[in-house]
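J.: Below are the sequence and a predicted model; questions follow.
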Amino acid sequence: MTEFVPHPILDPAVIPRGSQQLLRELPKERLAWMLQKMCEIRYFEEKAEELYVRGLVHGTMHLSIGQEASSVGSIAALRPDDLIIHHHRGHGHTIAKGADLKRMMAEFLGKECGYCRGRGGSMHIADIPGGNLGATGVVGSGIPTAVGIALALQMRRSPQVLLAFFGDGAVNLGEFHEALNMAAIWKLPVVFICENNQYGMSGPAKVMCAVQPLSVRAIAYNMPGQTVDGNDVLAVYQVTQAAVERARRGEGPAFIENYTYRWRGHSKSDRNVYRTQAEIDEWKQRCPIARFKQLLIEAHVLTPEEVETIDAQAKMAIERAAEEALVCPEPSPENLEAEVYAP
Amino acid sequence: MSEPNTREITYLEAVREALTQEMRRDPSVFLLGEDIGVYGGAFGVTRGMLEEFGPERVRDTPISEAAIAGAATGAALMGMRPVMEIMFMDFITIAMNQLVNQAAKIRFMFGGKASIPMVIRTPAGSGTGAAAQHCQSLEAWFINVPGIKVVAPATPYDAKGLLIAAIRDNNPVLFMEHKLLYRTKGPVPEELYSIPLGQAVVRREGRDATVLAYSVMVPRALEAAEQLSREGIELEVIDLRSLKPLDQATIVASVSKTGRVLIVHEAPRTGGFGGELAAVIAESEAFDYLDAPIRRLAGRDIPIPYNRTLERAAVPQVEDIVAAARALAQEGR
């Protein structure tokens, strides 16, 4: 039995810096923005769930409740013109990347004023001008596409960087291997972010993956790898930022594993038979939002009142988005064939 | 075709010329694929291009068809115009997820707010003794996927003009090159020109029966027509050129004129494109003009065998077309 070989990390200097230092370094507005986005994601998904239960949603949904620190911490490390490509559990990335909440909710409801005019739905929200190059519904499919996006950035000598999000289920696909190797040999400006929420539908990552932690895989592609507490938004931010700036300097891709947990089922039909309620409850104690709120208050970055205001405003924004989206017109089935091909 | 700058070149050279001239014209066009650089491609199509354009635009890849297709799809999403090569069409199976679930879907699925201007070049077809995993004609799979176009040129002139059109098209275009056609010669203008996708061409006019063909079946059908002409049977041979979009008007007009139609393709008969062509005719006004049932002559429902005799027997040859067309022309007369 070979012994575990520690894998290279992004930059040993930055890891121990810790949340306290970041709380001092980051502007208060940026920290407040992170909390705001996390709250918006939570309320968006709770509202999505409610609309579904009320029978107002035709399709399916994949909720990322409990994983808000992963999407917000990662995307907070980007410049506004940087890019993301992500996956079916993608509401969080979309909101963190700055999507309009009403158009998002409208897409979830299949409305004409949605981001994809009701053609894509929850699994495929894209906001191309906003740098969100879309969510893919086939597990892992965005990873090879990410190689091409990053290749275009490199060929154009662009300073932009791409974050490619996928789940723990995606790392056992052949496409993952092909894509990470290709991105590495070409030193492409992409950071691969594996959101390990511990289950690929029902398959536990610990059972389905031969190597733990998943970031060890980075060794095989000669790129830095790092596992981070995916429920600590500042830790995620810190590690992602180091990887993003490294990629921006032309030093190539990195692989980050955000270790987190999915509170809800895989999709709307999940009976949670593959895990215990005790496990779910335990992870709910590690709520990334409650944790971040407490940190901000304890460090005197925000007052409890300010935190509550951010929370309440996020909730109101979602309520308003849902109300407006619900009255958006339905798309017309006429002449859909004309949309299949670009002129 | 006697334009001043027209000369005889091979189908392979015509493909290379289209790539070269488009890359000179448009810096967003680039090539990627296995062994396309210093090696020049398995069939030599890109030979010499590395020297002119460098390794960034004539990009050798690992043996990773899914990542090649992903790289092309992602780059196209960003507004580049990648031309990816799949060394043998059989290997496209590895790339199917990116092509079918990503490249073909992104535009529609994202509400029309993106486009994927890319070309998938790939040598298809049998006749080289490469057996079951290097000889397939898999066009029917792609024709059934909304969002992809499918082109299969039969002549050097069309290879150049259709490839230029495919590169300039704002959608994923599957460009099928036939290995047996690579060395065939024909007149090709030196200038850049494009042939609109979705236009068939009548290669030979005739009154007795229509033959619908594409790719290597076009020269075989023309040879068969020549032989039958000596017997007094005049075939009208239509080269479809573009399978999707399909030029239904040219097909319907010809079948309405001759009243008989033989559909010829190399791919296996069952579930092949011939069934779709038959349905298009049966559903059109040409149905009223039919004097005989629609006939298909296709590859047999077997993997392509290695042995020369067996391989020949797997797909339609000139003599098979002659026999089928003769029978059709005489049917019920």
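T.: Yes, it's here. Residues are numbered from 1 along each chain as shown, chains lettered A, B, ... in the order given.

J.: Show me the helices in the stretch 101-250 of chain B, by range?
T.: For the stretch 101-250 of chain B, the helices defined by DSSP state H, counting those that start in this stretch occupy B:106-109, B:139-143, B:156-168, B:217-229, B:248-258.

J.: Quick one: closest of those helices to chain A.
T.: Nearest to chain A among the helices of the stretch 101-250 of chain B is helix B:106-109 (4.8 Å), distances taken as Cβ to the nearest Cβ. Any C-beta I mention is one placed from the backbone N, CA and C, and that applies to glycine too.

J.: neighbouring contacts of the closest one?
T.: A:116, A:119-120, A:124, A:126, A:134, A:339-342, B:73, B:77, B:114-116, B:146-147, B:171 (Cβ atoms under 8 Å, 6 or more residues apart in numbering or on different chains).

J.: Need the distance between the two termini of stretch A:120-135.
T.: With Cα to Cα, to the nearest Å as the measure, the ends of stretch A:120-135 fall 9 Å from one another.

J.: I'd like the average pLDDT over the longest helix along chain B.
T.: Identified as the longest helix of chain B according to DSSP state H is helix B:11-25. What helix B:11-25 shows for mean pLDDT is 98.

J.: Beyond it, next helix or strand please.
T.: Counting by DSSP states H and E, the next helix or strand C-terminal to helix B:11-25 is strand B:29-33.

J.: Remind me what that next one packs against, helices and strands.
T.: helix B:11-25, helix B:49-57, strand B:58-60, helix B:65-77, strand B:81-85 (3 or more Cβ pairs under 8 Å, 6 or more residues apart in numbering or on different chains; DSSP states H and E).

J.: ranking the ones you listed by burial, who's on top?
T.: helix B:65-77 (a mean of 31; mean count of other Cβ atoms under 10 Å in any protein chain shown).

J.: is any part of that one close to chain A?
T.: Yes - counting by Cβ under 8 Å from any Cβ of the partner chain, chain A is contacted by helix B:65-77 at B:65, B:66, B:67, B:69, B:70, B:71, B:72, B:73, B:74, B:75, B:76, B:77.

J.: ok so, going back, can you give me the angle the longest helix of chain B makes with helix B:156-168?
T.: Angle, helix B:11-25 to helix B:156-168, by axes from the mean of the first three to the mean of the last three Cα atoms, to 10 degrees: 30 degrees.

J.: Just confirm yes or no for helix B:11-25 near chain A.
T.: No - under the criterion of Cβ under 8 Å from any Cβ, chain A is not reached by helix B:11-25; the shortest gap measures 12.9 Å.

J.: and the helix or strand where residue A:234 lies, C-alpha only, in CSV?
T.: If you go by DSSP H and E, residue A:234 is part of helix A:233-248. Below are the C-alpha coordinates for helix A:233-248, written out as CSV (Å, rounded to 0.1, in the frame of the first residue of the first chain):
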residue,chain,number,x,y,z
VAL,A,233,-16.8,31.6,2.2
LEU,A,234,-13.6,33.4,3.0
ALA,A,235,-11.5,30.3,2.8
VAL,A,236,-13.0,29.5,-0.6
TYR,A,237,-12.4,33.1,-1.7
GLN,A,238,-8.8,33.0,-0.6
VAL,A,239,-7.9,29.7,-2.4
THR,A,240,-9.8,30.6,-5.5
GLN,A,241,-8.2,34.0,-5.7
ALA,A,242,-4.7,32.5,-5.5
ALA,A,243,-5.6,30.1,-8.3
VAL,A,244,-7.3,32.8,-10.4
GLU,A,245,-4.4,35.2,-10.2
ARG,A,246,-2.0,32.4,-11.0
ALA,A,247,-4.0,31.6,-14.1
ARG,A,248,-4.2,35.2,-15.0
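
J.: Which residue ranges of the stretch 151-300 of chain A form strands?
T.: Using DSSP state E, counting those that start in this stretch, the strands of the stretch 151-300 of chain A run over A:162-167, A:190-196, A:199-200, A:203-204, A:225-229, A:254-259.

J.: next one: the stretch 201-333 of chain B
T.: Using DSSP E, counting those that start in this stretch, strands in the stretch 201-333 of chain B cover B:201-204, B:209-213, B:235-239, B:242-244, B:261-268, B:295-299.

J.: What strands flank the longest one, and is each parallel or antiparallel?
T.: Yep, that's strand B:261-268 we're talking about. Strand B:261-268 sits in its sheet next to strand B:209-213 (parallel), strand B:295-299 (parallel), going by DSSP bridges.

J.: Give me the distance between the last one and the centre of its chain.
T.: Okay, so that is strand B:295-299. 17 Å (Cα atoms, centre = their mean, to the nearest Å).

J.: Need the residues that contact that strand.
T.: B:137, B:260-269, B:272, B:274-275, B:278, B:314-316, B:320-321, B:324, B:328.

J.: Out of the strands of the stretch 201-333 of chain B, indicate the one that is most buried.
T.: strand B:209-213 (a mean of 30).

J.: contact partners of that one?
T.: In contact with strand B:209-213 (Cβ under 8 Å, 6+ apart) are residues B:154, B:220-221, B:224-225, B:233, B:235-240, B:251, B:254-255, B:257-265, B:277, B:321, B:325, B:328-329.

J.: Who are the contact partners of residue B:236?
T.: Applying Cβ under 8 Å, 6+ apart, the residues near residue B:236 are B:202, B:204, B:205, B:206, B:207, B:208, B:209, B:210, B:211, B:254, B:257, B:258.

J.: now the strands of the stretch 201-333 of chain B as TSV including mean pLDDT?
T.: Below are the strands of the stretch 201-333 of chain B laid out as TSV (pLDDT from 0 to 100):
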stretch	mean pLDDT
strand B:201-204	98
strand B:209-213	98
strand B:235-239	98
strand B:242-244	98
strand B:261-268	98
strand B:295-299	98
